[in-house]
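Enquirer: What follows is a predicted structure for the sequence shown.
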Amino acid sequence: MANIIVIEDHPPVLKLLSALCQAEGHDVMAFDNGRAGLDAIRELAPDVALVDRRLGDVDGLDVVREARTASPSTRFVMVSACAETRDIVTAIKRGACDYVTKPFEPEEIQNAVQRALTEPHEPPPPPRQKLVIICPKKAA
């Protein structure tokens, strides 16, 4: 059994995602907006977070990026109606371990959660730092 946070701004989908995870025996906390969900991830460090790509108050990609920094052990599954390759690649680069497109079959969500819980987890890379080299002016 895992602790899962679901962040989805469309109530019927939020209810469905929560029910699918609960049916597998997981403890679920559901949030209908990105900011509240992000705060919960920071505080609770769940095992898995299912995050909608387009939330009403924030971009789901930003939620994943910020939450992964705050909770490196959490695995993120992006759920979206957008199936564009660019969005999928961006989600993976920002820290999602999987991407499920809407409409989805229940098994797709259950399988994505199972993969998130069982596949090896790589910690996020360290933040990039800029290297500034200051050269003294040559004497004339």
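Expert: Perfect, thanks for sending it. What you are looking at is a predicted structure, and each value in this text was computed from that prediction instead of being measured.
Enquirer: Which residues does the helix or strand hosting K93 contact?
Expert: Of the helices and strands defined by DSSP states H and E, K93 is found in helix 85-94. With Cβ atoms under 8 Å, 6 or more residues apart in numbering as the contact definition, helix 85-94 has outside contacts at R53, L61, V64, R65, R68, M78, S80, Y99. Just so you know, the C-beta spots here come from the backbone N, C-alpha and C atoms, and that holds for glycine as well.
Enquirer: Next one: the second one from E108, what distance?
Expert: When you say that, I think you mean L61. Relative to E108, L61 is positioned 20 Å away (Cβ to Cβ, to the nearest Å).
Enquirer: All the helices of the chain, residue numbers only.
Expert: 11-23, 34-44, 60-70, 85-94, 106-118 (DSSP state H).
Enquirer: so how far is the first one off the chain centroid?
Expert: This points to helix 11-23. With Cα atoms, centre = their mean, to the nearest Å as the basis, helix 11-23 stands 16 Å off its chain's centre.
Enquirer: helices and strands of this protein: which one has the lowest mean pLDDT?
Expert: helix 85-94 (a mean of 90; mean pLDDT, DSSP states H and E).
Enquirer: ok, and for that one, which residues are buried?
Expert: Buried residues in helix 85-94, counted by 16 or more other Cβ atoms under 10 Å: D87, I88, T90, A91, R94.
Enquirer: Low-confidence stretches in this structure?
Expert: Within the chain, the segments meeting pLDDT under 70 span 121-133, 135, 139-140.
Enquirer: if you compare the helices of the chain, which one is most tucked away?
Expert: Ranked by mean neighbour count under mean count of other Cβ atoms under 10 Å, those are led by helix 60-70, which reaches a mean of 20.
Enquirer: ok, A49 - how many residues close by?
Expert: By the measure other Cβ atoms under 10 Å, the count of residues near A49 is 30.
Enquirer: I'd guessed it sits against S73; true?
Expert: No. The criterion here is Cβ atoms under 8 Å, and A49 misses it with S73 at 11.1 Å.
Enquirer: got the angle between the helix holding K93 and helix 60-70?
Expert: 10 degrees (axes from the mean of the first three to the mean of the last three Cα atoms, to 10 degrees).
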